[in-house]
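*Asks:* sequence first, then the predicted structure, then my questions.
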Amino acid sequence: MKKILVVDDDTTFLSGMKIALSKNDRQIETAKNVGRAIEILRENKTDLICSDYDMPDGTALNLLEFVKNENMNIPVIIISGRDEEKYVKNALDMGVVEYFSKGNFSLEKIRKCIASIL
């Protein structure tokens with residue numbers, strides 16, 4: 001079973017993503033902040049991270065840095081309201097697999113991206 005960690009401080013978005021991404025062959029874990037996401041990553045094998053960019057205790061890039069430092073080799077997708085070019089470019093340059101804007105949100109595109117990774 002593939003495990004996806006969804007990280008977002010917006011609980012409504014988090015709940016919606018958990019429902020939207022759930023399938024028979026997937027387990028969805030959720031975290032409301034970077035600190036909790038790191039705890040989950042330390043405790044459980046994770047196959048993919050879908051994260052908001054900004055959270056109260058850090059960013060998706062802090063999470064990506066943790067994953068790299070721990071040699072976890074987990075792909076990271078960002079789904080964020082921050083869609084300015086400098087954020088997108090920086091995230092992609094750091095190794096984020098894909099960057100989706102919440103302002104131009106397409107659940108179908110996200111599902112296709114996830115399916116291609118898993």
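*Replies:* Ah, there it is. Residues are numbered from 1 along each chain as shown.
*Asks:* the helices in the protein, which residues?
*Replies:* 11-21, 34-43, 60-69, 85-94, 107-117 (DSSP state H).
*Asks:* ok, which of the ones you listed comes nearest Phe100?
*Replies:* For those, the distance to Phe100 is smallest for helix 107-117, at 5.9 Å, taking Cβ to Cβ. No exception for glycine: its C-beta is placed from N, CA and C like everyone else's.
*Asks:* pLDDT wise, what is the residue of the chain most remote from its centre at?
*Replies:* In the chain, Asn24 marks the outermost C-alpha relative to the chain mean, sitting 19.8 Å out by Cα atoms, centre = their mean. Asn24 is assigned a predicted lDDT (pLDDT) of 74.
*Asks:* distance check, it against Leu118.
*Replies:* Distance of Asn24 to Leu118, computed by Cβ to Cβ, to the nearest Å: 13 Å.
*Asks:* low-confidence regions, this structure specifically.
*Replies:* Nowhere does the chain drop to pLDDT under 70.
*Asks:* for stretch 33-40, buried residues please.
*Replies:* 33-34, 36-38, 40 (16 or more other Cβ atoms under 10 Å).
*Asks:* hey, what's the residue nearest to the spatial centre of the chain bridged with?
*Replies:* In the chain, the C-alpha nearest the mean C-alpha coordinate belongs to Cys50, at 1.5 Å (Cα atoms, centre = their mean). Under the criterion DSSP bridges, Cys50 forms beta bridges with Val6, Ile77.
*Asks:* surely it and Phe13 touch.
*Replies:* No: if you go by Cβ atoms under 8 Å, Cys50 and Phe13 don't touch, sitting 10.5 Å apart.
*Asks:* understood, closing this out.
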